[in-house]
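> Make a model of this:
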Amino acid sequence: MTLAYVALGSNLGDPRQQVLDAVAALAGLPETRLLRRSALYRTPPWGVLQQPSFINAAVEIDTGLSPSALLQALLAIEQRAGRVRAERNGPRILDLDVLHVDGVQLDSPELTLPHPRMADRAFVLLPLNDVAPGLTLPGLGTVAELLVRIDPAGCERLLEP
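Okay, here's the model as predicted:
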């Protein structure tokens, strides 16, 4: 079993429920146990600005799935939720990204680990800091260190129901 970290986001339909349903789906993956879930965050759109705000979260899982098998499982969860890949950085019903898998550095056409752009994105680092502030990302530093280097303007931690 290996620790892995996954980012979740949605800004179409009922984004909060989409993210919570995806967390439940992650917890139900074979050979996988959900260890921690972050708070939910409302974050401004990134890239394409003319779209609704996102709901974002992150989870820490313990999994026996390989990074490639984990990615395929995430893509299947997205597809079941109705994800259509129409526009890069555009609106989406659900977006799941493998951020980091302990002990794995990978650069393939399919998957790059650690995620190559997470250090620049408040919508990733804020929730990831909830579950793993001391996580060291190779060549980058800890999540907590990265978080103090970015501007989290417009990001809001939501109260849980």
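> What segments of this protein are helices?
Using DSSP state H, the helices of the chain run over 15-27, 67-81, 122-131, 143-147.
> Would you convert those helices into TSV that also reports distance to Gln50, mean neighbour count and mean pLDDT?
To be clear about C-beta, it is placed using only N, CA and C from the backbone, and glycine gets the same treatment. Output for the helices of the chain, formatted as TSV (distance: least, Cβ to Cβ, whole Å; neighbours: other Cβ atoms under 10 Å; pLDDT from 0 to 100):
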stretch	distance to Gln50	mean neighbour count	mean pLDDT
helix 15-27	17	19	97
helix 67-81	22	17	96
helix 122-131	17	24	97
helix 143-147	27	19	96
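> Which stretch among these approaches Val101 most closely?
Of all these, the one in closest proximity to Val101, counting by Cβ to Cβ, is helix 67-81 (5.0 Å).
> Give me the angle between the closest one and helix 15-27.
140 degrees (axes from the mean of the first three to the mean of the last three Cα atoms, to 10 degrees).
> For helix 67-81, name the packing helices and strands.
strand 2-10, helix 15-27, strand 95-101 (3 or more Cβ pairs under 8 Å, 6 or more residues apart in numbering; DSSP states H and E).
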